[in-house]
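# no FASTA, just this:
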């Protein structure tokens, strides 16, 4: 068997292997990041932590909302909604409330993980977009340092009842919030789980 014939067989094996690998790669779904930091798989939006928009099918995210409600009561001594309601009823009431409730997680660059209907309307955003957005982007660049200082103060104190500032909607529309309550969210074991905000007063600028 000549060397030329052996080389031909080796090249044929290599090329066949490369062709099979290329075909296999075409079958693997591609996952990529879009400009907003969201994962996309076959074009689908993932949102934050797999949460879907609150509705009857997921009990209005009652498990997460219970953390917000219980943490709010722990720090402020007040109730977000009627304490006589069941967790499901509280979650639905907060989702449909006329006031804004939103929260973010504990990431290095915290990402929104909850917004009720009023929050989505105020920020002019859909659920998937909102819950894929770092919460710092809700403030204008010149406001972010002040916001960071506020959140650090809340982290140490537990909550504040007097936060005011300028915020941005997803469309770039500016609005002023006044006397907002910001509080630390704790999980069922009392460990930090993020921070949340309650807004009753706002005005578009």
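Done, it's in. The model shown is predicted, which means the values in this text are computed figures rather than measured ones. Residues are numbered from 1 along each chain as shown.
# Thought residue 147 was touching residue 139, still the case?
Yes: between residue 139 and residue 147 a contact is recorded at 4.8 Å, counting by C-beta atoms under 8 Å. (Glycine included, C-beta is placed from N, CA and C.)
# Could you name every residue contacting both of the two?
The contact sets of residue 139 and residue 147 overlap at residue 165 (C-beta atoms under 8 Å, 6 or more residues apart in numbering).
# Next up, the contacts around residue 155.
Taking C-beta under 8 Å, 6+ apart, we find residue 155 in contact with 184, 192, 195.
# Buried only: go through the residues you listed for me.
The neighbour count (16 or more other C-beta atoms under 10 Å) marks 184, 195 as buried among the contacts of residue 155.
# Reformat the contacts of residue 155 as JSON lines; add distance to residue 71.
Below are these laid out as JSON lines (distance: C-beta to C-beta, whole Å):
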{"residue": "184", "distance to residue 71": "6"}
{"residue": "192", "distance to residue 71": "10"}
{"residue": "195", "distance to residue 71": "9"}
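# which one of the contacts of residue 155 is nearest residue 134?
Lowest distance from residue 134 to the contacts of residue 155 (C-beta to C-beta) belongs to residue 195, with 13.2 Å.
# Please identify the helix or strand for that closest one.
Assigned by DSSP states H and E, residue 195 belongs to strand 192-199.
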